[in-house]
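Q: fold the following, please.
(2 chains)
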Amino acid sequence: MKYLDEFRDGDKARILVAEIEVLVSIMDIPHDRPLHIMEVCGGHTHSIFRFGIEGMLPKEIELVHGPGCPVCVLPMGRVDDCVSIAERPEVIFTTFGDAMRVPGSQKSLLQAKADGADVRMVYSPMDALALARNNPAREVVFFGLGFETTMPSTALTILQAESEGITNFSVFCNHITIVPTIKAILDSPDLKLDGFLGPGHVSMVIGTAPYDFIANFYRKPMVVAGFEPLDILQSIWMVLKQIKEGRADIENQYARIVPDEGNAPALRAVSRVYELREFFEWRGLGSIDHSGVKLRDDYSQFDAERKFAIPNVKIADPKSCQCGEVLKGVIKPWQCKVFGSACTPEMPLGALMVSSEGACAAYYQYGGIKQHVAAE
Amino acid sequence: MNVAPFIRSRPLGRVHVRTVTLAHGGGGKAMKDLIDDVFVDAFDNAVLAPLEDQARFNLAEFVAHGDRLAFTTDSFVVDPLFFPGGDIGKLAVCGTVNDLAVGGAKPLYLSCAAIVEEGTTIDLLRRVAASMARTAKEAGVEIVTGDTKVVHKGACDKLFLTTTGIGVIRKGVNLGAHLARPGDAVIVNGLLGDHGAAILCARGDMALESSIQSDCAPLYGLIDTLLAAAPGIRFLRDPTRGGLATVLNEIADASQVAIEIDEAATPIREEVKAFCEILGLDPLYLANEGKIVVIVPSDEVEAALAAMHSHPLGACAGVIGRVHAGETGRVTMRTVFGGRRIVDMLVGDQLPRIC
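A: Next up, the predicted model:
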């Protein structure tokens, strides 16, 4: 495939891995304290497992799989709220595919559908708006989910609905924002991270400036990375180079997609439609200030939270779940007490076992070869 | 085939309305007319002709083909009913015929049970029955008994089919998922994932246009050629739902071996790869309806490949991996990128990823 195969070239990968090994060999990394590099975004986690990248890296580098999977970090109570909206007889509830299986305290959307709720999978919020246009007697609700990557498309859909005067369309807004979450991780006392791979798709919207504090205040290097395996290897090399040279900069490896200043029309739509929530609850990480957005008052007629009575359930994460420690790189997924026993992809207890982009599910499903080799 | 004389007990009825109603399931003349007009007319053969409540066979006919019977059943609820490369009728014949064939059996007879939603057009049923008849002929089987039920609107989605098949396994052929041994090769007969991708595209709810066609085909001819050339073959399976990944996991588990496949050697059409990239799906889990996974001892690999290449359905056959003595039950893939990943079973359906 054009523009993909070029970034999956095995020969170039070998050259990059050799370069990484050279760098590591002159960095004098203590044996018992490998470098921890966090890939923030779930898309990176997916690529890392799919292409077997972890197993190609020298043992002095450990990848920590971060919180950037919006499906994983959705708290159980919000899923319960979704189910309660979806079960209203007048509602057609529309959602991205991988949110269907996220367990609520009683059931997932997939189970709600089996029980008779009209839940439909869509590929874009515009598909949901089309459903509203074609079903004027029904209330179509779109489950707005994701970081800044998907935020603009939801915002633009709301603006479109407004301009068409569509009244039977609303959004259950669970969009979240990545920067406060990275900050929360950096503030945690048991932090063990040496650098970051920055989220490529989010940065395509917000640009690279919002990350400056990571370099300036916390003195950690970050490289905004693409999603193809060569992108990831090159970004790891760039992070290592910064560490070796004692630098902490925000660099952009994914410049073919990410403009440093972001996407101005997308940002305008985002700030027109949304405002920050005071705080938002994350599965595995708890409540984080200013980490979620809601619709502004001007767009309240499109806000499912105001259109419908929502139970707004709060359900605590299970006590045995150690997702937070995995997210911060304190422990590896398989070191969690319930990994693979009480918590499996069939019956996920914790956030990270929910979607294939979650670190634990990825380990469970694609397997960290390193870990298995070590265990043999 | 059965040599019974062609005896029709009564003249065949005709349907003169456009759509199926509950009257067609009532057991009276309307039902007989529907069955006659749609199914008997299309499937016509000497075993079916007497229109008794059961098909009757001479045991001697089975004995002539081998020393064991193979018996299988499958239901078909595909949406949409017609898709590029096939339809529910073709699928219903191929699916059951292939389930017999991968056990080394020569498929002989099928039954066909249809559950029809009221309001379905007679013309649609005729098209499906004609497709079944055509595919049965191609596969060398006869459809010799059947049943039709009509259900209320909404109780099923237009048309569900169940086919059951009988075949005979040739003496000496003994295949099993537990028989794979370290050193064996894993062969597939062609491009993977076409059926799954074609169906997802044909549903049309993602507004993606493609030229991908289902690979739906009866496989006995290919398998017969293959078994004759490489009698030491350990196991055959058609990787339908769950795709290649699921079949390999079943083999690794049943034989207590490890399997490693090579991504670069695993044939997947460019369009299917692109389709999966866009939706965040993995082609290793997409369904196939005209493919076989073959476990072959290393000394018969060349003979097996030569035999497959001589058949139109095996022209692209190739070795994609090896069985080895590693962590038992584990399937891995050497990626094009030079890494290694685990290929596990899926928990449920593949769902498109959010971003």
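
Q: tell me how far B:Gly154 lies from B:Arg203.
A: 19 Å (CB to CB, to the nearest Å). The way it works is simple: take the backbone N, C-alpha and C, and place the C-beta from them, glycine included.

Q: how about the residues of the stretch 51-200 of chain A that lie near chain B?
A: Proximity of the stretch 51-200 of chain A to chain B (CB under 8 Å from any CB of the partner chain) is limited to residues A:51-56, A:70-71, A:96-101, A:110, A:121, A:123, A:127, A:145-147, A:149-150.

Q: hey, where'd the helices end up in the stretch 101-250 of chain B?
A: Taking DSSP state H, counting those that start in this stretch to define them, one finds helices in the stretch 101-250 of chain B at B:122-139, B:194-202, B:220-229, B:243-255.

Q: mind telling me which of these the model trusts least?
A: Per-stretch mean pLDDT for those is lowest at helix B:194-202 (a mean of 94).

Q: mind giving me the packing neighbours of that helix?
A: Counting contacts by 3 or more CB pairs under 8 Å, 6 or more residues apart in numbering or on different chains; DSSP states H and E, helix B:194-202 is packed against strand B:82-83, helix B:270-279.

Q: buried stuff in the longest one?
A: Neighbour-count burial for helix B:270-279, with 16 or more other CB atoms under 10 Å in any protein chain shown as criterion, is recorded at B:Glu271, B:Val272, B:Lys273, B:Ala274, B:Phe275, B:Cys276, B:Leu279.

Q: can you put those residues in JSON lines and add pLDDT and distance to chain A?
A: Formatted as JSON lines, the buried residues of helix B:270-279 follow (pLDDT from 0 to 100; distance: CB to the nearest CB, whole Å):
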{"residue": "B:Glu271", "pLDDT": "93", "distance to chain A": "10"}
{"residue": "B:Val272", "pLDDT": "95", "distance to chain A": "11"}
{"residue": "B:Lys273", "pLDDT": "93", "distance to chain A": "6"}
{"residue": "B:Ala274", "pLDDT": "91", "distance to chain A": "6"}
{"residue": "B:Phe275", "pLDDT": "91", "distance to chain A": "11"}
{"residue": "B:Cys276", "pLDDT": "91", "distance to chain A": "10"}
{"residue": "B:Leu279", "pLDDT": "85", "distance to chain A": "8"}
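
Q: list the contacts for A:Cys173?
A: The neighbours of A:Cys173, taking CB atoms under 8 Å, 6 or more residues apart in numbering or on different chains as the test, are A:Gly144, A:Thr154, A:Tyr274, A:Val293, A:Lys294, A:Leu295, A:Asp303, A:Ala304, A:Glu305.

Q: tell me the contacts of the nearest residue to B:Leu284 once chain neighbours are set aside?
A: Using CB to CB, 6 or more residues apart in numbering or on different chains and skipping the chain neighbours, the partner closest in space to B:Leu284 is B:Ala245 (4.1 Å). By CB under 8 Å, 6+ apart, the contact set of B:Ala245 is B:Asp282, B:Leu284, B:Tyr285, B:Val331, B:Val343, B:Asp344, B:Met345, B:Leu346.

Q: contacting residues for the third one?
A: What that stands for is B:Tyr285. The contact partners of B:Tyr285, taken as CB under 8 Å, 6+ apart, are B:Gly196, B:Gly242, B:Gly243, B:Leu244, B:Ala245, B:Thr246, B:Leu346, B:Gln350.

Q: repeat that for the fourth one.
A: The contact partners of B:Val331, taken as CB under 8 Å, 6+ apart, are B:Ala245, B:Leu248, B:Asn249, B:Ala252, B:Ala258, B:Ile259, B:Glu260, B:Ile261, B:Ile342, B:Val343, B:Asp344.

Q: quick one: the residue nearest to B:Leu284 from A:Gly195, how far?
A: 34 Å.

Q: just the ones of the residues of the stretch 51-200 of chain A next to chain B in helices?
A: Cross-referencing these against helices under DSSP state H gives A:Leu110, A:Asp127.

Q: any stretches of the stretch 51-200 of chain B with poor pLDDT?
A: The stretch 51-200 of chain B contains no residues with pLDDT under 70.

Q: among the buried residues of helix B:270-279, which pair sits farthest apart?
A: The largest separation in these, counting by CB to CB, is between B:Glu271 and B:Leu279 at 12.7 Å.

Q: how's chain A carved up into domains?
A: Here the domain parsing of chain A from automatic domain parsing is A:5-71+A:179-260+A:322-375, A:76-176+A:292-307.
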